[in-house]
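>>> Okay, structure incoming, though there's no sequence with it:
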């Protein structure tokens, strides 16, 4: 033993109560990004990435199964994509999205029990392209 006093769990807990860790909570902005780049659905449910990239057929199947669709037009990053658009999924249901020549991709996010297909950049889908 080195002669060092061991800190008891009671001491650790007492110290934590005296100096609690406080983190600022930034409110979500329904259907958009907030100040700290967190996304939420139009209903205000926090979104989390599930798959960084999915193919067009997977996106089509997800929408057929009830997923929402969000469009981030510029395609510059996973979330920093300007104003988000939430088209009615019926506008793209049954069609397979097509990636444009100047780039774009599709990703899959979750929001609670809801799945969200996130369209990034130059993509057309069922005749819809913002």
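Okay, I see it. These figures come from a predicted structure and were not determined experimentally.
>>> Low-confidence ranges, the chain, go.
For the chain, applying pLDDT under 70 flags the ranges 1-3, 73-82.
>>> Show me the strands in it, by range?
Counting by DSSP state E, the chain has strands at residues 48-54, 68-72, 84-85, 98-111, 114-124.
>>> Of these, which is nearest residue 34?
Nearest of the strands of the chain to residue 34, taken as Cβ to Cβ: strand 84-85 at 11.8 Å. All C-beta atoms are positioned from the backbone trio N, CA, C, and that covers glycine.
>>> Direction included, what does the closest one pair against?
Sheet pairing of strand 84-85 (DSSP bridges) gives strand 68-72 (antiparallel).
>>> Go through the strands of the chain and pick out the most buried.
strand 68-72 (a mean of 23; mean count of other Cβ atoms under 10 Å).
>>> how far does that one sit from the chain's center?
Taking Cα atoms, centre = their mean, to the nearest Å, one finds the center of strand 68-72 at 10 Å from the center of the full chain.
>>> could you give the angle of that strand to strand 98-111?
In terms of direction (axes from the mean of the first three to the mean of the last three Cα atoms, to 10 degrees), strand 68-72 departs from strand 98-111 by 120 degrees.
>>> I'd like the strands of the chain as TSV, with distance to residue 40 appended.
Output for the strands of the chain, formatted as TSV (distance: least, Cβ to Cβ, whole Å):
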stretch	distance to residue 40
strand 48-54	10
strand 68-72	10
strand 84-85	10
strand 98-111	7
strand 114-124	10
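>>> Show me the one of the ones you listed that comes nearest residue 36.
Across these, closest to residue 36 is strand 48-54 (Cβ to Cβ), at 14.1 Å.
>>> How far away from the center of its chain is the closest one?
Chain-centre distance of strand 48-54: 8 Å, with Cα atoms, centre = their mean.
>>> List of residues touching that strand?
By Cβ atoms under 8 Å, 6 or more residues apart in numbering, the residues outside strand 48-54 that reach it are 62, 78, 105-111, 115, 117.
>>> what's the answer for stretch 94-108, then?
Here stretch 94-108 makes contact (Cβ under 8 Å, 6+ apart) with 49-60, 62, 64, 67, 75, 78, 115-127.
>>> separation between residue 51 and residue 59?
Remark: distance between residue 51 and residue 59 (Cβ to Cβ, to the nearest Å) = 10 Å.
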